[in-house]
Structure formats: structure tokens, C-alpha cells
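> Take a look and give me a structure for this.
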Amino acid sequence: MRVPKKTKRFKVADGDFIRSSATESPKYTWCVEVARKKRGVAVRDGKNRKGGTLFFTNNEWQAFVNGVKNGEFDSVGPVAKRLQR
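Predicted coordinates for the structure are as follows:
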């Protein structure tokens, strides 16, 4: 099994992070914040900003976004359906 290289950290400031406006509702008690930079994408927990930041290359982030769009993470998405067979 090939182990991917660790994504290198890059400089990111608090002001670089954005979050969905839907998370401003008291209905939601969780959110993630995303910072898009030239070298990649940083993601952190909006409720625990000191808890750490995950760093992804642009290709890793695009693969994740494509997976979300394709339903790969849905409980009834195409991958989940194949696993249930």
C-alpha cells in the first residue's frame, strides 16, 4: 500500500477562514471553517479553533468536493449502495 506524503502546512490567518452563513442559526451547534490559499486548503472546527487545523493540497480538496457532489458520503449514495450489496 502506498502511503501518501504528508501535506505540508502553510501560513493561514484567522481572517482567511470562512464559514457557511447557515451556521449563524442557533439551530446549528457545529460548523467547519475553510481557508482557500494558493498552496492548498485549510479546515478547522469553528467551535474549537485552537483544536488544530487540517491541511489539504488543492488536488486532495477537489477529490473530497467531487466525492461530496457524487454522493460518496451519503448513507444512500452510490458507494454506500454498493457496500450494502
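> what about the helices in this structure?
58-69, 78-84 (DSSP state H).
> Identify each buried residue in the first one, please.
Applying a neighbour-count criterion of 16 or more other C-beta atoms under 10 Å, the buried positions in helix 58-69 are residue 61. All C-beta atoms are positioned from the backbone trio N, CA, C, and that covers glycine.
> list the helices and strands that helix packs on?
With contacts defined as 3 or more C-beta pairs under 8 Å, 6 or more residues apart in numbering; DSSP states H and E, helix 58-69 has these neighbours: strand 40-45.
> in its sheet, what does the strand it packs on sit against?
strand 32-37 (antiparallel), strand 53-56 (antiparallel) (DSSP bridges).
> Of these, give the one that comes closest to residue 70.
Proximity to residue 70 (C-beta to C-beta) singles out strand 53-56 among the strands paired with strand 40-45, at 17.7 Å.
> Sketch out the low-pLDDT regions of the chain for me.
Scanning the chain for pLDDT under 70 picks out the ranges 1-7, 21-29, 76-85.
> if I look at the closest residue to residue 64 other than its chain neighbours, how far off is residue 75?
Distance criterion C-beta to C-beta, 6 or more residues apart in numbering; nearest residue to residue 64, sequence neighbours excluded, is residue 56 at 7.2 Å. Distance, residue 56 to residue 75, using C-beta to C-beta, to the nearest Å: 24 Å.
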